[in-house]
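# got a predicted structure here, sequence first:
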Amino acid sequence: MNVKAPSGERVVKRVVVAGGGTAGWVTATALARHLGPLLDITLIESEEIGTIGVGESTTPTFRGFHNLMKIKEEHFMSAAQATVKLGIEFRNWARVGDRYIHPFGTYGRRWSWMADFHHFWLHAHAQGFGGELGEYCLETRAGEANRMSLGPPLAPSYAYHIDAARYARFLRELAEPAGVKRIEGKIRNVELDPESGFIEALVLESGIRVEADLFVDCTGFRSLLLGDALGVEFEDWGHWIRTNSAVAVQSTSDGPEQPYTSAIAHEAGWRWRIPLQHRDGNGFVFASDFMSADEAHARLLAEISGEPLFEPWLIRFKTGTRAKAWHKNCVALGLAGGFIEPLESTSIHLMMAGVTRLIEDFPFQGFNPSLLAYFNGKSRQEFENIRDFIILHYHVTERDDSGFWDHCRTMDPPDSVRERLALWEENARAYQLPHELFRVDSWAAVLLGQRRQPRGYHRLAEMMPEQQLRNELARMKREIDDLVNDMPSHPDFLSRYCPAAIPA
Ligand code: FAD
C-alpha cells in the first residue's frame with residue numbers, strides 16, 4: 001500500500017467512512033465541508049444492521065461544531081425536531097429526594113478577585129446568607145422557569161436535544177450534495193496488506209470491494225475495523241462505572257418541553273428523559289449485576305409519563321476506550337472508538353472533537369507515527385477526563401439503599417479522581433484541564449449538588465466586606481431574574497424560531 005510519499009506529494013485522498021450512524025454522518029459531512037475538494041469520500045452503511053437509535057442529548061460544543069460547518073441553526077433544529085438543553089437535572093443522586101441542576105452556564109460573575117465565584121458563595125453561606133448556588137446562574141434559573149431566548153441582551157449557554165434518526169438524515173442531505181458517495185451494504189471482510197498490516201479494502205456481502213487510503217471506523221460497538229480487523233484492544237472501565245445496560249423507549253410528550261435533560265437515579269442506575277418537539281426519549285440505565293433486564297423494562301414503562309410509541313429495546317454497552325483511537329490507516333470515531341455511559345451525554349461531543357482533530361491534522365502526507373501518537377494522546381486525555389467526571393456522580397453519594405450504591409460509594413476511584421476530591425475537600429479547589437469538556441463550575445455544581453461540602457474555601461473570599469458581598473449577590477440575583485422574566489417560554493421560543501418540520 002502506498003502510504004509514504006516524497007515530501008509535498010499527497011498520498012491520502014480516498015477516505016472510506018464505515019458506518020452511517022451519527023458518527024458516520026457527522027464524520028462524512030465534516031470531512032466534505034472542510035476538505036471536500038481534496039478528498040474522495042465514501043460512506044458505507046447497512047440499513048439491515050441499522051443504528052443504535054439513541055444519543056439524543058448533547059453538549060454546547062455541538063453548537064461550535066455546527067458553526068464551523070456553517071449549519072444554520074434554525075434549519076437544523078426544525079429538521080431534528082430539536083429542543084434547547086440548558087443543563088441536566090439530577091434527582092436522587094446523593095440522597096433519595098435530592099435535586100440539583102448541572103447547568104451549562106457559569107455561576108455568578110467573574111470579579112477581579114482571583115477566586116472562582118463558588119468560594120464567595122461558600123463564604124456567604126458560612127455566614128448564613130446567599131441562598132442557593134443555582135440562583136446565581138442564568139441557565140439554571142431559565143431552565144427552572146422553562147424559558148429561553150437568544151438575547152439580546154444575553155443568551156444562555158445551551159446545547160440541544162435532538163431526534164438522532166432525523167439528525168442523521170439531515171446530515172446525509174448535506175453530505176451527499178457535497179460529494180459524499182454512499183454505498184448501501186454489509187461489510188463482510190476487512191482486507192489487510194500482509195506486509196504493512198494496513199487496511200487495503202472493505203469487501204461487502206455483494207462482492208463489491210472498496211479501497212481507500214484512510215478508513216474511519218464508525219461501525220458502532222462492533223468496531224469492525226479498529227477492534228476486529230486491526231486488533232486494537234478495548235480498555236474496560238466497568239469496575240469504576242458499573243452501569244452496562246439500558247432499556248430505551250420513545251413516548252408521547254407529556255406537557256411543555258422542558259429545556260433540560262432529566263437524570264433520575266434509582267437503586268441500580270438512573271433513568272433519562274429527553275424532551276423533543278414531537279416526542280420524548282426515555283431510557284433506563286442499569287447495572288446488570290444489580291438489576292435484571294425484565295425489571296428495568298417494567299420499571300421504565302411504569303415510570304415514564306407519556307405513552308410508549310414502540311416496544312422498548314435493550315442495549316448492552318461497556319464503558320471504556322480502545323487502547324488507541326488511530327492505528328495504522330484507521331481512525332475510530334463514535335462508539336467504535338469507545339464509550340462512556342451516557343449520564344452527561346458526552347459521546348457525540350467526543351466524536352465531534354475527534355473529527356475536528358482529524359481535519360486539523362489530516363494525514364495528507366501519510367501516517368507519521370508522531371501524528372498518530374499526538375492524536376491518540378489527546379483522545380485518551382479527553383476520554384479519561386470525562387470518565388472521571390462521570391465517576392464523580394456515582395462515587396460522591398450518601399446512598400446506601402442498594403448493593404449498587406454501596407459499591408459506588410465505597411469504590412476505589414482512579415487516582416485522578418481521588419486527587420480532585422482531596423483538593424475540593426480541603427478548600428473547594430476545582431479546576432479544568434486544557435481541552436477538558438467540564439468546567440470549574442461543572443465540578444462545583446456536581447460536588448455541591450451531591451452534598452460534598454468542602455472543609456474550607458479560598459480565604460480571599462473573606463476579604464470582601466460582608467455588606468459588599470450581600471449587595472453584590474442580591475444584585476446578581478436581581479439581574480438574572482430580570483433577564484429570565486423577559487424571556488419567552490421555551491415552547492414559544494421553539495414555535496417561533498424553529499418549528500418542527502412536518503414529520504417524515
Ligand atoms: P451506531 O449508531 O451503532 O452506527 C453504526 C453504523 O455502522 C450503522 O450505520 C450500521 O449500519 C453500520 N454498520 C455496523 N456494522 C456494519 C457492517 N458489517 N456493514 C455495514 N455497516 C455496518 N450520546 C450522546 O452524545 N448523548 C446521549 O444522550 C447518548 N445517549 C446514549 C444512551 C445509550 C444507552 C447509549 C448506549 C449511547 C448513548 N449515546 C449518547 C451514544 C450515541 O448513541 C452514539 O455516540 C451515537 O449514536 C453514534 O453512534 P455510532 O454512529 O458510533 O454507532
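Cool, got the structure. Residues are numbered from 1 along each chain as shown.
# count of residues packed around the closest residue to the ligand within the stretch 151-300 of the chain?
Closest residue of the stretch 151-300 of the chain to the ligand, C-beta to the nearest ligand atom: residue 220 (2.6 Å). Bear in mind the C-beta positions are built from the backbone N, C-alpha and C, glycine included. A count of nearby residues for residue 220, using other C-beta atoms under 10 Å, gives 21.
# show me the contacts for the closest residue to it other than its chain neighbours.
Leaving aside its sequence neighbours, residue 220 sits nearest to residue 335 (C-beta to C-beta, 6 or more residues apart in numbering; 4.5 Å). Neighbouring residues of residue 335 by C-beta atoms under 8 Å, 6 or more residues apart in numbering: 21, 23, 52, 220-221, 223, 347.
# check the spacing between residue 335 and residue 412 real quick.
As judged by C-beta to C-beta, to the nearest Å, residue 335 and residue 412 stand 27 Å apart.
# what about the helices in the stretch 1-150 of the chain?
Taking DSSP state H, counting those that start in this stretch to define them, one finds helices in the stretch 1-150 of the chain at 22-35, 61-68, 73-79, 117-126, 138-145.
# typed the wrong thing, it's the stretch 301-450 of the chain
Under DSSP H, counting those that start in this stretch, the stretch 301-450 of the chain gives helices at 347-360, 369-395, 403-410, 415-427, 440-449.
# can you redo those helices as CSV with mean neighbour count and mean pLDDT?
Shown next, in CSV, are those (neighbours: other C-beta atoms under 10 Å; pLDDT from 0 to 100):
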stretch, mean neighbour count, mean pLDDT
helix 347-360, 22, 98
helix 369-395, 19, 97
helix 403-410, 17, 98
helix 415-427, 15, 98
helix 440-449, 22, 98
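# for the ones you listed, give me CSV that also has distance to the ligand.
As requested, the helices of the stretch 301-450 of the chain are exported to CSV (distance: least, C-beta to the nearest ligand atom, whole Å):
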stretch, distance to the ligand
helix 347-360, 3
helix 369-395, 11
helix 403-410, 17
helix 415-427, 22
helix 440-449, 16
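# possible to save those helices as CSV with distance to residue 38?
CSV is the format used below for the helices of the stretch 301-450 of the chain (distance: least, C-beta to C-beta, whole Å):
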stretch, distance to residue 38
helix 347-360, 11
helix 369-395, 17
helix 403-410, 48
helix 415-427, 39
helix 440-449, 37
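# surely residue 168 forms part of a strand?
No. Per DSSP: H, G, I helix; E, B strand; the rest coil, residue 168 lies outside any strand segment and is helix.
# any idea how far the residue most central in space within the chain lies from residue 470?
Taking C-alpha atoms, centre = their mean as the criterion, residue 346 is the residue nearest the geometric centre of the chain, at 1.6 Å. Distance of residue 346 to residue 470, computed by C-beta to C-beta: 38 Å.
# same check on residue 408?
Counting by C-beta to C-beta - residue 408 and residue 470 are separated by 39 Å.
# one more: residue 372?
56 Å.
# check contacts around residue 245.
285-288, 293, 296, 314-317 are the contacts of residue 245 under C-beta under 8 Å, 6+ apart.
# packing partners of the helix or strand where residue 476 lies?
According to DSSP states H and E, residue 476 maps onto helix 466-485. Contact here means 3 or more C-beta pairs under 8 Å, 6 or more residues apart in numbering; DSSP states H and E; on that basis helix 466-485 packs against helix 117-126, helix 138-145.
# gap between the following helix or strand past that helix and the chain center?
The first helix or strand that comes after helix 466-485 along the chain, using DSSP H and E, is helix 490-497. Centroid displacement of helix 490-497 relative to its chain, using C-alpha atoms, centre = their mean, to the nearest Å, is 24 Å.
# what about residue 169, neighbour count?
By other C-beta under 10 Å, neighbour count at residue 169 equals 14.
# within range of the ligand, give me the residues from the chain.
Within the chain, the residues that sit near the ligand (C-beta under 6 Å from any ligand atom) are 19-24, 44-46, 49-52, 54-58, 164, 186-187, 218-220, 222, 224, 246, 283, 315, 317, 334-336, 342, 345, 347-348.
# end to end on stretch 484-492, go ahead and measure it.
14 Å (C-alpha to C-alpha, to the nearest Å).
# and stretch 44-53, by the same measure?
18 Å.
# okay, buried residues for it please.
44-46, 51-52 (16 or more other C-beta atoms under 10 Å).
# next: stretch 14-34.
15-34.
# show me what contacts residue 227?
217, 233-234, 322, 332, 336.
# still on that earlier bit, looking at the helices of the stretch 1-150 of the chain, which is nearest to residue 355?
helix 22-35 (4.8 Å; C-beta to C-beta).
# what packs against that closest one?
Helix 22-35 packs on strand 14-18, strand 40-45, helix 164-175, helix 347-360, going by 3+ C-beta pairs under 8 Å, 6+ apart.
# list the helices and strands the third one packs on?
The one in question is helix 164-175. helix 22-35, helix 73-79.
# run the last query once more with 6 Å
helix 22-35 (3 or more C-beta pairs under 6 Å, 6 or more residues apart in numbering; DSSP states H and E).
# how about residues contacting the helix it packs on?
The contact list for helix 22-35 (C-beta atoms under 6 Å, 6 or more residues apart in numbering) reads 17, 41, 43, 55, 69, 164, 168, 171-172, 174-175, 178-180, 216, 218, 333-334, 351, 355, 359.
# quick one, which of those are buried?
Here, 16+ other C-beta under 10 Å leaves 17, 41, 43, 55, 69, 164, 168, 171-172, 174-175, 180, 216, 218, 333-334, 351, 355 buried among the contacts of helix 22-35.
# what sits opposite the nearest residue to residue 199 once chain neighbours are set aside in the beta ladder?
Excluding its sequence neighbours, the residue lying closest to residue 199 (C-beta to C-beta, 6+ apart) is residue 215, at 4.9 Å. Under DSSP bridges, the beta-bridge partners of residue 215 are residue 16, residue 330.
# can I assume residue 242 is in contact with residue 287?
Yes. Between residue 242 and residue 287 there is a contact under C-beta atoms under 6 Å: 4.1 Å.
# so where's this structure shaky on pLDDT?
1-10, 110, 112, 502-504 (pLDDT under 70).
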